[in-house]
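**Q** Sequence first, then the predicted structure:
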Amino acid sequence: MPVPPRPVDATLHGVVDYTAGTALMTFLPRLLGVRGTRTARQMRAAGAAHVGYSTLTDYPLGIAKVIPYQAHLAIDAVGAVAVAALPFLTGQWREGRRQWLPHVALALFELGSLAMTDPTGRGDYHGDVEAVRVANTEDPHRKIHDGPPAVAPVAPAAAI
Amino acid sequence: MNRKAAITVNRSLDEVQRLWRSSDWSPDHIDDDKATVTFAVAPGDRGTEIHVELASPGPGGKVGEVVETVVGAGPVAKAKDELRHFKQLVETGEIARSDAAPEGERVGRKLKQRPAQPLAEHELEKAGA
Amino acid sequence: MRANVWSGRNTVQVEEVPDPQILNDRDAIVKITSTAICGSDLHLYDGYVPTMKRGDILGHEFMGEVVDTGRGVENLAVGDRVVVPFPIACGNCWSCRHELYSVCENSNPNAGMAEKMFGHSTAGIFGYSHLTGGYAGGQAEYARVPYADVGPFKIEDDLSDEQVLLLSDVFPTGFFGADLCDIRGGEVIAVFGAGPVGQFAIASAVMLGAERVIAIDQYDYRLQMALKKAGATDAIDFSRDPDVVEQLKELTGGRGPDAVIDAAGMEATHGHGALHAVDRVKQATRMESDRGHALRDAILACRPGGIVSVVGVYGGLIDKFPSGAFMNKGLQLRAGQCHVHKYLRPLYERIRDGQIDPSFVITHSLELGEAPNGYETFKHKQDECVKVVLKP
């Protein structure tokens, strides 16, 4: 049987970006029991960065659409790997599971989400309205508002 | 394992039996299998039912059959294809061909469809057009 | 030849592809003069329909000139001007003989695939995924038309392409929706969705004698078209007030409409906040393939003993079907892909006799090369777009 396309489209990916990013910046550090530690600061920084470049991405939930969507996905991937590696580079992993497990879990979540994201196409309008207006040989506004009705009422006996 | 397939053809019982046995349109896979084929008059004006019950497993044995069925190439699927071809030939005079499946309904084509655009020159011959 | 092909979610491209050839004796080749983009094409575009393959030519609403016929075609001659119905029907099977053309038993060479999804295969359709056969579509310069002795409808009068093109799909589909409502004169009909099919459902209900026809949509320009052109008597804009069921009760003195036509289908956009958000997430994660707001509201709004007629396209499964309301109110649920062949001649005669000018829905007419922009404009309802026609 043919394989369906990957389920997560650009809009849904954006929803996850903002939700996960906000969670990282707010309640997640406390939930994970790492409040006050280096991990908490790293979580918040990662969350802030993620939300930051999401707002700059050219996809339906981006605000200033400067970063191409595929580039965003690449940053997601590289960032995930970096977050996973961080505790091992700083040596904080020796301080206990809570100082490296959240990083690895977060990285796995991010990579999993990427595996389910459809990188082709875009969710938002990427057509050229001006080109369409110029090319259009009809006048939509006049078509809708001017002129007589298109239907003459007929007696029911004329049905099939 | 489900080994039965059936189809209804919009023609009289006599005509269907005669055409089934005629050499032009004999369904190879079902014949090779030594399956049990029965004909019955369908209710009302619906024509004739053809019921096929396949015989024991082929060379691959039971395991081979399960594998084939999972990938959609099982013996019942092949039998169904032949029944469909027979019905199309009898009722319409030709086998339905599309750009994705130019040879008509074929189990092998389910996994390897062409794109839905016209065939190039070199593909036309292979498709038997 | 040039053709508009599917190239991934939200992406179509106009590319050079081989010209179609005669494969069977009953085939014909049509040189296309006009073709349209359908609302159901958007389901393919959005990636909600499985079995699409990169390179598939889209389009199932087309007309043009016959340029070649197979040996088995006697009713058509080279040069004939024809409109081609979107379902491919053999004309010989039990279903076709009983005028149920859109469920032809023979025309789908991927019947095995379709059976897995629906229990049975239905007719092949031009340019509508491999589930319906993987036939190349009509958004191209030429098309191969199977069973050409059954489908193509000859146009012999002096009518423009714009006046007859819509006989291929949307006009008969809208009419079918109204026909299923058993209108005898004096009824109140509600139509969910004021896209092209909804516009024709409204117009058809008017032609068949309904006394009031209520258009329901969230885009004001489409409601304006329904009121000014299609003959709707009332309009409900659910972007202002999402409680459509309540508004329909008010408009009908508490009774509810006598029949409701669902011309919206699986990508129904409205819905009360939370349920809609849940549906959207479920659909995006493919846990639920269809959004059922329009259908749910249609069942809840219809008066007891009434008819719900479904011509909007659905593909899979919806959650939360109001089975209690459906059963206890004694509703009839009728549906189908339109059996276009049955309606071609009667509707053609209505056009020829001046009862209706179907070209009213066409807001955009573009050269084939502009198809990608056309799809985007149509999908996002930009520039007051209702229907896009492409000229190869």
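**A** That came in fine, so what should we check first?
**Q** okay, and for chain B, where does confidence drop off?
**A** Within chain B, the stretches with pLDDT under 70 are B:1-2, B:23, B:26, B:56-60, B:70-73, B:128-129.
**Q** And the helices in it, which stretches?
**A** Under the criterion DSSP state H, chain B carries helices at the ranges B:13-21, B:28-33, B:61-70, B:75-92, B:121-126.
**Q** Likewise for chain A?
**A** Along chain A, counting by DSSP H, helices occupy A:10-25, A:28-31, A:38-55, A:69-90, A:101-115, A:129-135, A:140-145.
**Q** Out of those helices, the one nearest chain B is which?
**A** helix A:101-115 (22.9 Å; C-beta to the nearest C-beta). Where C-beta positions appear, they are placed from N, C-alpha and C, glycine not excepted.
**Q** Does chain C have contacts with that closest one?
**A** No. Using C-beta under 8 Å from any C-beta of the partner chain, helix A:101-115 stays clear of chain C, coming no nearer than 11.3 Å.
**Q** Buried residues of that helix, list them for me.
**A** Buried residues in helix A:101-115, counted by 16 or more other C-beta atoms under 10 Å in any protein chain shown: A:Pro102, A:His103, A:Val104, A:Leu106, A:Ala107, A:Glu110, A:Ser113, A:Leu114.
**Q** What is the burial count for the residue lying closest to the fifth one once chain neighbours are set aside?
**A** In space, and not counting its chain neighbours, A:Ala107 is closest to A:Ala84: 3.6 Å by C-beta to C-beta, 6 or more residues apart in numbering or on different chains. Residue neighbour count, defined by other C-beta atoms under 10 Å in any protein chain shown, stands at 18 for A:Ala84.
**Q** Surely A:Ala84 touches A:Leu101?
**A** No. Using C-beta atoms under 8 Å, A:Ala84 is not in contact with A:Leu101, being 10.5 Å away.
**Q** re the thing from before, deepest-packed of the helices of chain B, please.
**A** With neighbours taken as mean count of other C-beta atoms under 10 Å in any protein chain shown, the helices of chain B reach their highest mean count in helix B:75-92, at a mean of 21.
**Q** which strands and helices sit next to it?
**A** Packing partners of helix B:75-92 (3 or more C-beta pairs under 8 Å, 6 or more residues apart in numbering or on different chains; DSSP states H and E): strand B:4-9, helix B:13-21, helix B:28-33, strand B:48-53, helix B:61-70, helix C:111-118.
**Q** one more time with 7 Å, if that's ok
**A** strand B:4-9, helix B:28-33, strand B:48-53, helix C:111-118 (3 or more C-beta pairs under 7 Å, 6 or more residues apart in numbering or on different chains; DSSP states H and E).
**Q** any idea how far that helix is from the chain center?
**A** Mean-position distance between helix B:75-92 and its chain equals 3 Å (C-alpha atoms, centre = their mean, to the nearest Å).
**Q** Break down chain C into its helices, ranges please.
**A** With helices called from DSSP H, chain C shows them at C:39-45, C:94-97, C:111-118, C:161-164, C:170-179, C:196-207, C:220-225, C:244-251, C:273-284, C:293-301, C:323-328, C:340-352, C:371-379.
**Q** Quick one: mean pLDDT for the fifth one?
**A** Translated: helix C:170-179. When pLDDT is averaged along helix C:170-179, the result is 98.
**Q** what angle do it and helix C:340-352 make?
**A** 100 degrees (axes from the mean of the first three to the mean of the last three C-alpha atoms, to 10 degrees).
**Q** can you dump the C-alpha coordinates of helix C:170-179 into CSV?
**A** Extracted in CSV, the C-alpha atoms of helix C:170-179 (Å, rounded to 0.1, in the frame of the first residue of the first chain):
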residue,chain,number,x,y,z
VAL,C,170,-19.7,21.3,-10.3
PHE,C,171,-23.0,22.2,-11.9
PRO,C,172,-24.3,18.6,-12.0
THR,C,173,-22.9,18.0,-8.5
GLY,C,174,-24.7,21.0,-7.1
PHE,C,175,-27.9,20.0,-9.0
PHE,C,176,-27.5,16.4,-7.7
GLY,C,177,-27.3,17.8,-4.1
ALA,C,178,-30.6,19.6,-4.7
ASP,C,179,-32.2,16.7,-6.5
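**Q** Tabulate the helices of chain A (CSV), appending mean pLDDT.
**A** As requested, the helices of chain A are exported to CSV (pLDDT from 0 to 100):
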stretch, mean pLDDT
helix A:10-25, 88
helix A:28-31, 86
helix A:38-55, 91
helix A:69-90, 90
helix A:101-115, 90
helix A:129-135, 91
helix A:140-145, 94
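**Q** Of all those helices, which one is nearest B:Lys112?
**A** Minimum separation from B:Lys112 across those (C-beta to C-beta) falls at helix A:101-115, 25.0 Å.
**Q** The closest one - contacts with which helices or strands?
**A** Against helix A:101-115 (3+ C-beta pairs under 7 Å, 6+ apart) you get helix A:69-90.
**Q** hmm, who's touching the helix it packs on?
**A** The contact list for helix A:69-90, computed with C-beta atoms under 7 Å, 6 or more residues apart in numbering or on different chains, reads A:10, A:42, A:46, A:53, A:57-59, A:93, A:99-100, A:103-104, A:106-107, A:110-111, A:114, A:117, A:119, A:122.
**Q** quick one: buried residues of that helix?
**A** Neighbour-count burial for helix A:69-90 flags A:Tyr69, A:His72, A:Leu73, A:Ile75, A:Asp76, A:Gly79, A:Ala80, A:Val83, A:Ala84, A:Leu86, A:Pro87 (criterion: 16+ other C-beta under 10 Å).
**Q** Quick check: the gap between the first one and A:Asp76.
**A** If I follow you right, that is A:Tyr69. For A:Tyr69, the distance to A:Asp76 equals 11 Å [C-beta to C-beta, to the nearest Å].
**Q** residues near A:Thr57, how many?
**A** Using other C-beta under 10 Å: A:Thr57 sits among 24 other residues.
**Q** re the thing from before, distance to chain B for the helices of chain C - can I get that in a markdown table?
**A** Output for the helices of chain C, formatted as a markdown table (distance: least, C-beta to the nearest C-beta, whole Å):
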| stretch | distance to chain B |
| --- | --- |
| helix C:39-45 | 11 |
| helix C:94-97 | 5 |
| helix C:111-118 | 6 |
| helix C:161-164 | 23 |
| helix C:170-179 | 22 |
| helix C:196-207 | 23 |
| helix C:220-225 | 31 |
| helix C:244-251 | 37 |
| helix C:273-284 | 25 |
| helix C:293-301 | 29 |
| helix C:323-328 | 29 |
| helix C:340-352 | 15 |
| helix C:371-379 | 15 |
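**Q** Reformat those helices as JSON lines; add mean neighbour count.
**A** Shown next, in JSON lines, are the helices of chain C (neighbours: other C-beta atoms under 10 Å in any protein chain shown):
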{"stretch": "helix C:39-45", "mean neighbour count": "23"}
{"stretch": "helix C:94-97", "mean neighbour count": "20"}
{"stretch": "helix C:111-118", "mean neighbour count": "18"}
{"stretch": "helix C:161-164", "mean neighbour count": "21"}
{"stretch": "helix C:170-179", "mean neighbour count": "28"}
{"stretch": "helix C:196-207", "mean neighbour count": "31"}
{"stretch": "helix C:220-225", "mean neighbour count": "22"}
{"stretch": "helix C:244-251", "mean neighbour count": "18"}
{"stretch": "helix C:273-284", "mean neighbour count": "15"}
{"stretch": "helix C:293-301", "mean neighbour count": "25"}
{"stretch": "helix C:323-328", "mean neighbour count": "12"}
{"stretch": "helix C:340-352", "mean neighbour count": "19"}
{"stretch": "helix C:371-379", "mean neighbour count": "24"}
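**Q** list the contacts for C:Tyr128?
**A** By C-beta under 7 Å, 6+ apart, the contact set of C:Tyr128 is C:His60.
**Q** scratch that, B:Gly93 is what I was asking about
**A** Neighbours of B:Gly93 in contact, by C-beta under 7 Å, 6+ apart: C:Gly72.
**Q** try the one 4 residues further on
**A** With contacts taken as C-beta under 7 Å, 6+ apart, B:Arg97 has the following neighbours: B:Gly104, C:Leu23, C:Asn24, C:Pro109.
**Q** ok, the residue nearest to A:Ala107 to chain C distance?
**A** Distance of A:Ala84 to chain C, given as C-beta to the nearest C-beta, to the nearest Å: 25 Å.
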